[in-house]
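Q: how would this look folded up:
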Amino acid sequence: MTQRAVDSFGEQPDPLQPSPAPAPPGGLSTAEVAERVARGEVNDVPVRSSRSVTEIVRANVLTRFNLIIGVLWVIMLLVAPIQDSLFGFVIIANTGIGIVQEWRAKKTLDGLAVIGEAKPTVRRDGVSAEVSVSEIVLGDLVELGPGDKVVVDGTVAEADSLEIDESLLTGEADPVIKRRGDPVMSGSFVVAGGGAFTATKVGREAYAAQLAEEASRFTLVQSELRSGISTILKYVTWMMVPTAIGLIISQLVVKDNNFKDSVARTVGGIVPMIPEGLVLLTSVAFAIGVIRLGRKQCLVQELPAIEGLARVDIVCLDKTGTLTEGGMDVTEVRPLNGSDEEYVRRVLGALGASDPRPNASLQAIIDAYPDGEGWGVTQSMPFSSARKYSGAAFTEGNGDASAWLLGAPDVLLAEGDPALAETGHLNEQGLRVLLLARAGGALDAPDAASGAVPTALVVLEQRLRPDAGETLAYFDDQNVAAKVISGDNAVSVGAVAQKLGMPGAEHTLDARRLPSDPDDMATEIERNAVFGRVTPQQKRDMVAALQSRGHTVAMTGDGVNDVLALKDADIGVSMGSGSEATRAVAQIVLLNNSFATLPSVVAEGRRVIGNITRVATLFLTKTVYSVLLAILVVCFQVEYPFLPRHLTLLSTLTIGVPAFFLALAPNKERAQPHFVRRVMRYAIPSGVIAAAATFATYLLARHHYAGTGALDAETSAATLTLFLVSMWVLAIIARPYTWWRIALVATMGLCFLVVLAVPWLQEFFALKLVGTTMPWAAVAIAVVAAAVLEMAWRLVGRRFRS
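A: Presented below is the predicted three-dimensional model:
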């Protein structure tokens with residue numbers, strides 16, 4: 001490991017500006033803390049997990065389409081009956097629903113964020129205590145241990161083999177050894193050792209504070225679903241503007257009709273071009289997903305993570321804390337080379353007592369051999385995932401000096417050592433094995449493991465998570481490949497995976513044999529399922545190799561060795577009990593520490609993607625037929641067939657109400673890419689067929705009816721055809737049928753029949769079928785259109801399988 005100068009990736013401290021005096025060993029006093037709070041020297045960066053209420057209201061109200069509809073609504077209120085202004089009230093209701101649901105999601109996220117918030121340990125008045133990040137003041141003495149995140153900038157005051165990873169800030173892969181007086185930057189994290197630092201910059205002055213704030217915001221961006229909808233809305237705007245201008249000229253300038261009626265029909269042609277409810281339903285679907293997952297103690301730190309996990313085809317699992325519970329038990333100690341077992345136990349007890357922040361393996365040893373008193377620690381080397389061992393030097397009770405290493409047998413032992421065969425048999429049983437060896441040289445030497453004398457094997461039994469097997473089976477059933485990536489022995493990890501019934505668990509590989517070429521590495525990863533002796537950097541490289549093959553990769557983990565891979569994966573999932581650094585970079589945090597929650601996240605994502613794809617097809621079918629009808633009206637120089645009230649009724653019954661139920665329904669379809677293409681390949685033919693059938697009925701009715709009230713009769717006939725064709729599109733989208741889907745479609749049809757049958761509703765919506773010939777002709781045209789729709793959908797389905 002090399003010591004390097006710290007890259008001042010940010011702003012260098014001003015040498016002329018006095019920095020806070022180093023905190024005393026006992027930290028600040030209560031009075032000093034109060035003084036700093038009074039001066040405003042507090043870490044007051046507003047860490048938000050969600051948008052403010054003001055931002056939520058602004059995002060839902062101040063949209064381009066709301067502005068257009070708002071202007072049209074005001075016009076209609078001035079020139080037409082209230083029936084023709086119903087669309088404005090629908091928009092207000094939609095906007096209100098969107099605000100309420102996002103506010104509920106905000107409350108859920110904020111509540112979970114408090115539970116999952118990092119609590120740094122600060123020393124004040126000589127006592128160590130956990131405080132909120134926002135309660136740290138300038139000059140505070142903040143303690144550090146493995147996995148802790150550096151939350152503010154500072155200067156190292158105490159260092160015990162302290163190694164800090166700054167790669168998330170500087171890109172430098174190697175951890176940096178920190179000594180007293182060295183600077184530390186917020187956003188870095190501890191990989192080994194411990195210590196404390198004095199806070200020199202807090203609040204917005206701290207390095208990466210703004211990045212941390214932005215990273216934790218509740219966001220609706222950078223997802224294929226939302227970017228696809230934005231693309232669609234852009235195309236809709238381009239189509240809508242020239243079409244609307246042509247319609248306005250056609251209805252208000254060229255046609256010499258009643259002015260108010262012409263205005264109403266013009267607005268009736270423009271309003272349905274706007275897919276006003278699509279963005280709302282997408283936001284609501286995401287928000288309700290957050291609320292549902294929140295009830296299962298799952299914190300979604302970035303909303304697209306719900307969608308992203310549904311698109312994942314490979315999930316990389318860290319064994320410890322994911323497949324197994326964090327704790328372990330020492331089941332056996334096997335002395336080697338004639339070592340005295342009682343002496344070995346004393347050594348293990350001393351090693352346990354030497355580390356103030358033991359990992360899970362060392363904690364199991366401490367629990368088994370708690371008597372570590374009587375030996376003085378002269379030097380210690382904390383465990384590192386990169387080197388795979390830890391160590392300590394002692395002055396024993398009789399005055400003798402000794403140095404010991406504890407770690408992976410296949411790292412500490414030379415190849416061919418007899419103890420490796422014994423270790424192999426134990427690993428095949430799924431047991432974890434550590435080697436205790438007497439060091440042959442100084443612990444801080446680069447080759448500290450060289451010449452180590454094997455003394456004993458420590459056998460640990462790992463506790464399997466009871467729900468891990470079911471979760472692995474779920475991913476296999478969903479065609480999501482699971483890869484176990486662990487720092488432990490590959491054979492041992494494979495045995496654990498086999499106990500859980502993981503498919504392909506027999507295909508294990510020691511990561512030290514992985515090729516360095518990314519393409520060759522990706523081939524080996526695809527071929528095998530279990531990988532052992534993986535270093536933190538290798539985990540990162542493995543994720544990148546899989547992504548280079550077009551895979552969407554999720555990474556789960558809870559330790560500091562998982563941070564880099566979690567950051568680079570498409571979706572990072574951390575356990576709530578994981579290190580501060582792990583939780584900070586993950587998009588999803590499982591606060592209940594249950595791997596079994598992941599299927600719920602996948603299910604929510606699939607529900608959102610699958611249902612929004614269905615719903616978007618409904619909305620865009622309406623946009624396509626509205627644009628085409630407007631173009632046909634301009635070309636044929638006839639009155640626009642509909643008033644706003646007609647299309648408000650049709651939109652509500654064939655799109656608005658059904659879409660709301662369909663968007664929130666269960667959906668287990670695997671998420672498919674190319675959202676825009678998938679929607680438009682169905683919406684365009686459906687819209688073309690609906691427009692052609694409706695306009696054909698309208699032209700036929702114009703030839704059939706004459707005299708006073710002819711336009712109203714023509715409109716009613718065209719409305720009947722458009723309703724029936726739209727209902728058939730809804731019936732197709734609602735498949736596969738369940739009882740409630742059939743009931744939904746039937747209820748919408750029944751509501752339309754009620755409007756046609758009840759006199760005051762006929763008058764309110766200006767819908768009255770005149771005679772029998774033309775209404776039945778309208779039905780016949782709709783039946784033909786429905787048959788063409790079926791053929792078109794089946795043709796598209798065969799042509800585009802994905």
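
Q: roughly how far out does the helix or strand Met521 falls within sit from the chain middle?
A: For Met521, the element it lies in under DSSP states H and E is helix 518-527. Chain-centre distance of helix 518-527: 26 Å, with Cα atoms, centre = their mean, to the nearest Å.

Q: and what of stretch 127-147?
A: Stretch 127-147 sits 29 Å away from the centroid of its parent chain (Cα atoms, centre = their mean).

Q: before we move on, the earlier item: the helix holding Met521: what's the following helix or strand?
A: Next along the chain from helix 518-527, counting by DSSP H and E, comes strand 530-532.

Q: OK, contacts around Trp793?
A: For Trp793, the contact set (Cβ atoms under 8 Å, 6 or more residues apart in numbering) comprises 682, 685-686, 732. Just so you know, the C-beta spots here come from the backbone N, C-alpha and C atoms, and that holds for glycine as well.

Q: closest to Ala393 among those?
A: For these, the minimum distance to Ala393 (Cβ to Cβ) is 71.2 Å, reached by Tyr682.

Q: how about that closest one: what's its closest non-neighbour residue?
A: Spatial nearest neighbour of Tyr682, excluding adjacent residues (Cβ to Cβ, 6 or more residues apart in numbering): Thr617 at 5.0 Å.

Q: hmm, which helix or strand of the chain has the shakiest average pLDDT?
A: helix 209-215 (a mean of 46; mean pLDDT, DSSP states H and E).

Q: in the following helix or strand past it, which residues are buried?
A: Sequence-wise, the next helix or strand downstream of helix 209-215 (DSSP H and E) is helix 224-248. Neighbour-count burial for helix 224-248, with 16 or more other Cβ atoms under 10 Å as criterion, is recorded at 224-226, 228-229, 232-233, 236, 239-240, 243-244, 246-248.

Q: now do the phi/psi pair for the residue of the chain most remote from its centre.
A: In terms of distance from the mean C-alpha position of the chain, Gly707 ranks first, at 62.0 Å (Cα atoms, centre = their mean). Note on Gly707: its backbone torsions stand at phi 90, psi -170 [degrees, to the nearest 10].

Q: just Met502 next, same as before
A: Dihedral angles (degrees, to the nearest 10) for Met502: phi -70, psi 130.

Q: cool, and Asp340?
A: phi -80, psi 120.

Q: before we move on, back to that, residues contacting the residue nearest to Tyr682?
A: Contacts of Thr617 (Cβ under 8 Å, 6+ apart): 679, 682-683, 686, 729, 733.

Q: now the host helix or strand of it: mean pLDDT?
A: In this structure, Thr617 sits in helix 598-636 according to DSSP H and E. Averaging pLDDT along helix 598-636 yields 86.

Q: with stretch 277-297 instead?
A: On average, stretch 277-297 scores 79.

Q: same check, this time on stretch 454-462
A: The model assigns stretch 454-462 a mean pLDDT of 89.

Q: centre of the chain to that stretch, how far?
A: 39 Å.

Q: let's verify Thr556: helix, strand, or coil?
A: Recorded secondary structure, Thr556: strand (DSSP: H, G, I helix; E, B strand; the rest coil).

Q: what sits closest to Thr652 if chain neighbours are left out?
A: Thr652's closest residue in space is Val90 (Cβ to Cβ, 6+ apart), at 7.0 Å.

Q: repeat for Ile732
A: Trp793 is the one closest to Ile732 (Cβ to Cβ, 6+ apart), at 5.8 Å.

Q: between helix 598-636 and the helix or strand containing that neighbour, find me the angle.
A: Following DSSP H and E, one finds Trp793 within helix 773-799. Helix 773-799 and helix 598-636 are oriented at 130 degrees to each other (axes from the mean of the first three to the mean of the last three Cα atoms, to 10 degrees).

Q: and helix 773-799, average pLDDT?
A: Helix 773-799 comes out at a mean pLDDT of 92.

Q: what about that helix, distance to the chain center?
A: 41 Å.

Q: pull out the buried positions in that helix.
A: Those would be 774-775, 777-778, 781-782, 785-786, 788-789, 792-793, for helix 773-799 by 16+ other Cβ under 10 Å.

Q: okay, buried residues for stretch 527-546 please.
A: 528-546.

Q: give me the distance between the two termini of it.
A: 12 Å (Cα to Cα, to the nearest Å).

Q: check the offset of it from the chain's centre.
A: For stretch 527-546 - counting by Cα atoms, centre = their mean - the centre lies 22 Å from the chain centre.

Q: pLDDT wise, what is the residue farthest from the centre of the chain at?
A: So Gly707 comes in at 78 (pLDDT).

Q: for His646, see how far away it is.
A: 21 Å (Cβ to Cβ, to the nearest Å).

Q: same check on Leu434?
A: From Leu434 over to His646 (counting by Cβ to Cβ), the distance is 77 Å.

Q: of these two, who's got more company?
A: Leu434 (27 against 24; other Cβ atoms under 10 Å).

Q: any idea how many residues pack against Thr322?
A: Neighbours of Thr322 (other Cβ under 10 Å): 25.

Q: try Arg64
A: For Arg64, using other Cβ under 10 Å, the count is 10.

Q: for it, give me its contacts.
A: Arg64 touches 233, 237, counting by Cβ under 8 Å, 6+ apart.

Q: 10 Å instead, please
A: Arg64 makes contact with 233, 237, 274 under the criterion Cβ atoms under 10 Å, 6 or more residues apart in numbering.

Q: gap between the residue nearest to Ser626 when sequence neighbours are not counted and Thr63?
A: Once flanking residues are discounted, Ser626 sits nearest to Pro272: 4.0 Å by Cβ to Cβ, 6+ apart. Per Cβ to Cβ, Pro272 is found 17 Å from Thr63.

Q: in which helix or strand does the nearest residue in space to Val563 that is not next to it in sequence reside?
A: In space, and not counting its chain neighbours, Val563 is closest to Ala581: 4.9 Å by Cβ to Cβ, 6+ apart. Following DSSP H and E, one finds Ala581 within helix 580-585.

Q: give the pairing partners of the helix or strand just after that helix; include direction for each.
A: Once helix 580-585 ends, the next helix or strand along the chain (criterion: DSSP H and E) is strand 588-590. Here strand 588-590 has these sheet partners by DSSP bridges: strand 298-300 (antiparallel), strand 571-575 (parallel).

Q: excluding its backbone neighbours, what's nearest the residue positioned nearest the centre of the chain?
A: Geometric centre of the chain, nearest residue: Ala305, 1.4 Å, by Cα atoms, centre = their mean. Closest residue to Ala305 apart from its sequence neighbours, by Cβ to Cβ, 6+ apart: Gln587 at 3.7 Å.

Q: which residues sit in contact with the one you found?
A: 215, 299-306, 308-309, 554, 566, 569-574.

Q: would you agree the residue nearest to the centre of the chain is in contact with Ile571?
A: Yes - counting by Cβ atoms under 10 Å, Ala305 touches Ile571, with 5.5 Å between them.

Q: and for these two, which residues touch both?
A: In contact with both Ala305 and Ile571: 554, 586-588, 601, 605, using Cβ under 10 Å, 6+ apart.

Q: out of those residues, who's nearest Val176?
A: For those, the nearest to Val176 is Ala586 (23.2 Å; Cβ to Cβ).

Q: re earlier: mind putting the strands paired with strand 588-590 in a markdown table, mean neighbour count and distance to Gln762 included?
A: Shown next, in a markdown table, are the strands paired with strand 588-590 (neighbours: other Cβ atoms under 10 Å; distance: least, Cβ to Cβ, whole Å):
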| stretch | mean neighbour count | distance to Gln762 |
| --- | --- | --- |
| strand 298-300 | 24 | 48 |
| strand 571-575 | 29 | 54 |
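
Q: in terms of mean pLDDT, which of those ranks lowest?
A: strand 298-300 (a mean of 82).

Q: chain center to stretch 687-694: distance?
A: 39 Å.

Q: now that stretch: average pLDDT?
A: 95.

Q: which residues touch Phe765?
A: Counting by Cβ under 10 Å, 6+ apart, Phe765 has contacts 83, 86, 643, 645-646, 648-649, 716, 719, 752, 755-756, 758.

Q: the residues you listed in helices, which ones?
A: 86, 645-646, 648-649, 716, 719, 752, 755-756 (DSSP state H).
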